[in-house]
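Enquirer: build me a model:
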Amino acid sequence: MRIIPKLDTEAGYRYPEAEEIFGLSDQETIEKLEHLSKLGFFERAYYITLLKCLSCGGFKMLLVLRCPKCNSPNILKGSVLRHYKCGLDGFEEEFIKEGAYICPRCNTNLDKPGVDFKKIGVWYKCLKCGEFFGEPLEKLYCFKCDKEFLKEDCVLQPVWGYDINENRLKNVILDIELETVKKYLEEQWNVELFSKVKGDSGIEHMFTFRIFTKNPLSDEVVVDVEYSKSPISQDVVMKLFAKKVDVFAVDSVLIAIPRLEDGARRLSDRYGIKVIEVESLKDAIEPLKEIVKRVLR
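Expert: Below is the predicted model of the structure:
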């Protein structure tokens, strides 16, 4: 999912959908998205670059064309002809009279293109000083602060789209759900979240949950939670089985979100690993409690 900016004449750009979600103003929403991006919840994707006023930072601006010689905004644009004999440069329509080309200065008939005259191209003409030029002076007028400045002096403002970092968001949601599961299980048993247990091999293994009773000689159930967009593979089952054997756990449970591959499911049956397949971790609470009840009597 990507949050796309919408161009706005006043603010320059906004994120209406995000404003509605966050319940914030346009500027507060931009700051919020940037903050969440730095935390890793969003990934920025380049969208467009806007021009911003050098003076006030406003985006509502108008391009003004001026004469590079006298700075007048009174300029025209058109196809320009040059009469070789008298040297007059002028707009093509000034040379046309009764369907023929006639020099408006010396009144000479211009019959032969390339001999009597030539087309110079499309030029601009200043109505104040009479200067012809190929490129006008480009300036930007800011409606917000009533100032004008050269286009090359303006500030470039990159505008971003924001892609949700699903892995980062998933981990946060999963952490919250893990705490919820732990809270429910603790009503009956001792529960360690992200428990490290040293095995007989001397290797320290990490389990999502380790569940046991208050009796120091109690058996224990080890639980791993695996999340994947695609079906979870046999490797996860084999890894949990190896850890279970090394720590002498009486039973092991694999919570697969959302499900296992068929081969992984058959392998878990062979290894005696209990499997809970759910769309959300909170849906695993009751099935997990039933399994633990049967083991830790």
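Enquirer: contacts for stretch 263-271?
Expert: With Cβ atoms under 8 Å, 6 or more residues apart in numbering as the test, stretch 263-271 has contacts from Pro231, Ile232, Ser233, Gln234, Val236, Val237, Met238, Phe241, Leu254, Leu260, Lys274, Val275. Just so you know, the C-beta spots here come from the backbone N, C-alpha and C atoms, and that holds for glycine as well.
Enquirer: which positions in the helix or strand that contains Val64 come out as buried?
Expert: Following DSSP states H and E, one finds Val64 within strand 61-66. Within strand 61-66, the residues that count as buried by 16 or more other Cβ atoms under 10 Å are Met61, Arg66.
Enquirer: so who does Ile3 touch?
Expert: Per Cβ under 8 Å, 6+ apart, neighbours of Ile3: Tyr15, Glu17, Ala18, Leu33, Phe42, Gly161, Tyr162, Asp163, Ile164.
Enquirer: equivalent analysis for Gly57, please.
Expert: Val155.
Enquirer: need the helix or strand of this structure with the lowest average pLDDT.
Expert: helix 166-185 (a mean of 79; mean pLDDT, DSSP states H and E).
Enquirer: can you state the direction angle for whichever helix or strand comes after it and helix 166-185?
Expert: Using DSSP H and E, the helix or strand that follows helix 166-185 in sequence is strand 190-198. Computed by axes from the mean of the first three to the mean of the last three Cα atoms, to 10 degrees, the angle separating strand 190-198 from helix 166-185 equals 120 degrees.
Enquirer: these two touch, right, Lys243 and Thr208?
Expert: No: Lys243 is not in contact with Thr208 according to Cβ atoms under 8 Å; the separation is 11.1 Å.
Enquirer: give me the secondary structure label for Arg270.
Expert: Assigned state for Arg270: helix (three-state reduction, DSSP: H, G, I helix; E, B strand; the rest coil).
Enquirer: burial of it, as a residue count?
Expert: Other residues within reach of Arg270, judged by other Cβ atoms under 10 Å, total 9.
Enquirer: same thing with the one 10 residues further on?
Expert: Per other Cβ under 10 Å, the neighbour tally for Ser280 reads 11.
Enquirer: residues in contact with it?
Expert: Per Cβ under 8 Å, 6+ apart, neighbours of Ser280: Glu177, Ile257.
Enquirer: and it, its phi and psi?
Expert: Ser280 adopts backbone torsions of phi -140, psi 150, taken as degrees, to the nearest 10.
Enquirer: how much space separates it from Phe41?
Expert: To Phe41, Ser280 is 20 Å away according to Cβ to Cβ, to the nearest Å.
Enquirer: go on, Thr180?
Expert: Separation of Thr180 from Phe41 (Cβ to Cβ): 20 Å.
Enquirer: again with Gln188
Expert: 35 Å.
Enquirer: returning to that earlier point: more crowded one of Thr180 and Phe41?
Expert: Taking neighbours as other Cβ under 10 Å, Thr180 and Phe41 compare with Phe41 leading, 16 against 13.
Enquirer: okay but that one is in contact with Arg168, surely?
Expert: Yes: using Cβ under 8 Å, Phe41 is in contact with Arg168, at 5.5 Å.
Enquirer: good, we can wrap up now.
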